[in-house]
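Novice: Provided below are the primary sequence and the corresponding predicted coordinates.
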Amino acid sequence: MKYIYIINDFAHDLFTGLWLSSLAAIYLIRLKAGGINGTEWQLVSELSGDFLWMQNIALGLIILTGLGRYLHQKKRSSDNHVSHHQARRRVLIIKHIVLGILFASGTALGLIWRLH
């Protein structure tokens with residue numbers, strides 16, 4: 001069972017990197033395609049759309065693997081009632097609020113870049 005938690009943690013970080021790289025890919029594709037029109041622009045638009053799908057799928061997987069992390073940590077913290085778990089929990093809540101805002105902003109930005 002320990003290996004499942006390790007793989008879940010790795011997958012969580014991997015999908016976070018995929019989300020960020022998809023956002024960067026959409027931005028770079030749109031930046032490099034600045035002056036093109038017609039068929040080429042349609043290709044750029046389709047490619048941006050593909051990366052937007054990857055970004056959204058990665059975000060869903062981040063949420064799922066994060067839920068796995070949360071449930072595992074909740075089980076561990078209920079086994080060991082130590083005050084540092086409460087402090088860690090507060091820091092994790094703040095971290096996830098900040099990351100949630102960044103993920104929402106980045107996903108909205110990717111969508112805006114894709115549509116324009």
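Specialist: On my side now, so go ahead. Numbering: from 1, shown residues only.
Novice: what sits closest to residue 22 if chain neighbours are left out?
Specialist: Spatially, and ignoring its direct neighbours in sequence, residue 22 is nearest to residue 55 (3.8 Å; CB to CB, 6 or more residues apart in numbering). Yep, even glycine has a C-beta here, placed from its N, CA and C like the rest.
Novice: please enumerate the helices of this structure.
Specialist: With DSSP state H as the criterion, the chain has helices at 2-32, 38-79, 83-115.
Novice: counting by contacts, list what the first one packs against.
Specialist: Applying 3 or more CB pairs under 8 Å, 6 or more residues apart in numbering; DSSP states H and E, one finds that helix 2-32 makes contact with helix 38-79, helix 83-115.
Novice: low-scoring stretches of the protein, by residue?
Specialist: Scanning the chain for pLDDT under 70 picks out 75-85.
Novice: report back the residue of this structure that's furthest from centre.
Specialist: Using CA atoms, centre = their mean, the residue of the chain lying farthest from its centre is residue 38. It sits 32.2 Å away.
Novice: quick check: that one vs residue 58, distance?
Specialist: Taking CB to CB, to the nearest Å as the measure, residue 38 falls 31 Å from residue 58.
Novice: burial count for residue 14?
Specialist: 15 (other CB atoms under 10 Å).
Novice: next one: residue 24
Specialist: 14.
Novice: OK, contacts around residue 12?
Specialist: 62, 65-66, 68-69 (CB atoms under 8 Å, 6 or more residues apart in numbering).
Novice: of these, closest to residue 104?
Specialist: Comparing the contacts of residue 12 against residue 104 with CB to CB places residue 62 closest, at 12.2 Å.
Novice: residues contacting that closest one?
Specialist: Here residue 62 is in contact with 12, 15-16, 19, 103 (CB under 8 Å, 6+ apart).
Novice: roughly how far does it sit from residue 93?
Specialist: In terms of CB to CB, residue 62 sits 17 Å off from residue 93.
Novice: and what of residue 5?
Specialist: 21 Å.
Novice: most tightly packed of the helices and strands packed on helix 2-32?
Specialist: Greatest average neighbour count among the helices and strands packed on helix 2-32 goes to helix 38-79 (a mean of 15), per mean count of other CB atoms under 10 Å.
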